[in-house]
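Colleague: what's the 3D shape of this:
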Amino acid sequence: MEPPDTKTIKPPIGRRKGPWSQAELEKLKRKFGRTPDGVLARELNRSVESVRRMARRHFSGEPRCGPWNPDEILMLKEYWGAAEIEVISMILRRTPNDIALKVQEIRGDIARRVWTTEDLQALKRHYGTRTAADLVVILGRHAEEIESKAREFRLAKDKGFQRRHGNGKRVRMPRWTTADVEKLCKLYPETANLDIARALDRTLKSVVSKAHDLGLRKSPDRLKEMGRENVRIRYEKRDQSENGSSTADGRVDG
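Modeller: As a prediction, this is how the structure comes out:
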């Protein structure tokens, strides 16, 4: 047996070392604390320690104290439940005690109010990966109100979340029957995904995933309608920010 031609064999690609590119730094800034360190390290092709070391350097700065501004509170809610409090402390440059007091204050200021477009977007973004207690802080609402709205929008916990917070066994999702697939194929081109999920008694994510697997596409008319709805929501959000109120339903989902 002849030895392989060494000229055609590419050496394995090792982890990146040396200076970080601007693109890497932007990704680190965007995802650190929201993505597990090991996952982010693999995405950047760097060691976990390299990622953590660069994060400490990138987020360093003068400690903050005193009143919280609205942007800080939004950042706290984005990271809450995804990162350890020490990591949030490093990113926000606030002491762990300062963060704990702010979270306690948020929990004490929970009240029923109209759901805004921003609230619904936050619910859809975080529901699959956060506990009920975390969502109370993130959304500033009672747990039962959050669960009711999640059922309305056919949201569900991610499989990974269910494994971590369940008994460790594999989470099995309901199988798609032939009738379900036929109905999905019929409805998908012209119907909003949320309406399909309600018609099939499935989660929104399940509908989107199955449609992707089947290579289904929205019709040109539906795409135009979605574009108009997105424009309407953007204008509503602008008006709401100017008027200090919001009553959008955040439905645009395909």
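Colleague: so where's the stretch 101-250 of the chain shaky on pLDDT?
Modeller: For the stretch 101-250 of the chain, applying pLDDT under 70 flags the ranges 167-173, 235-250.
Colleague: domains of this protein?
Modeller: As given by automatic domain parsing, the domain ranges for the chain are 22-107, 110-172, 173-244.
Colleague: Turn these into JSON lines, including mean neighbour count and distance to Arg15.
Modeller: In this view, the C-beta of every residue, glycine as well, is placed from N, C-alpha and C. Putting these into JSON lines (neighbours: other CB atoms under 10 Å; distance: least, CB to CB, whole Å) gives the following:
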{"stretch": "domain 22-107", "mean neighbour count": "15", "distance to Arg15": "6"}
{"stretch": "domain 110-172", "mean neighbour count": "15", "distance to Arg15": "25"}
{"stretch": "domain 173-244", "mean neighbour count": "14", "distance to Arg15": "32"}
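Colleague: Using JSON lines, lay out the ones you listed together with distance to Arg16.
Modeller: Formatted as JSON lines, these follow (distance: least, CB to CB, whole Å):
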{"stretch": "domain 22-107", "distance to Arg16": "5"}
{"stretch": "domain 110-172", "distance to Arg16": "26"}
{"stretch": "domain 173-244", "distance to Arg16": "31"}
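Colleague: Quick check: the gap between Gly140 and Asp119.
Modeller: Gly140 is 9 Å from Asp119, where distance means CB to CB, to the nearest Å.
Colleague: got it, and Thr191?
Modeller: 25 Å.
Colleague: just Tyr188 next, same as before
Modeller: Tyr188 is 28 Å from Asp119, by CB to CB.
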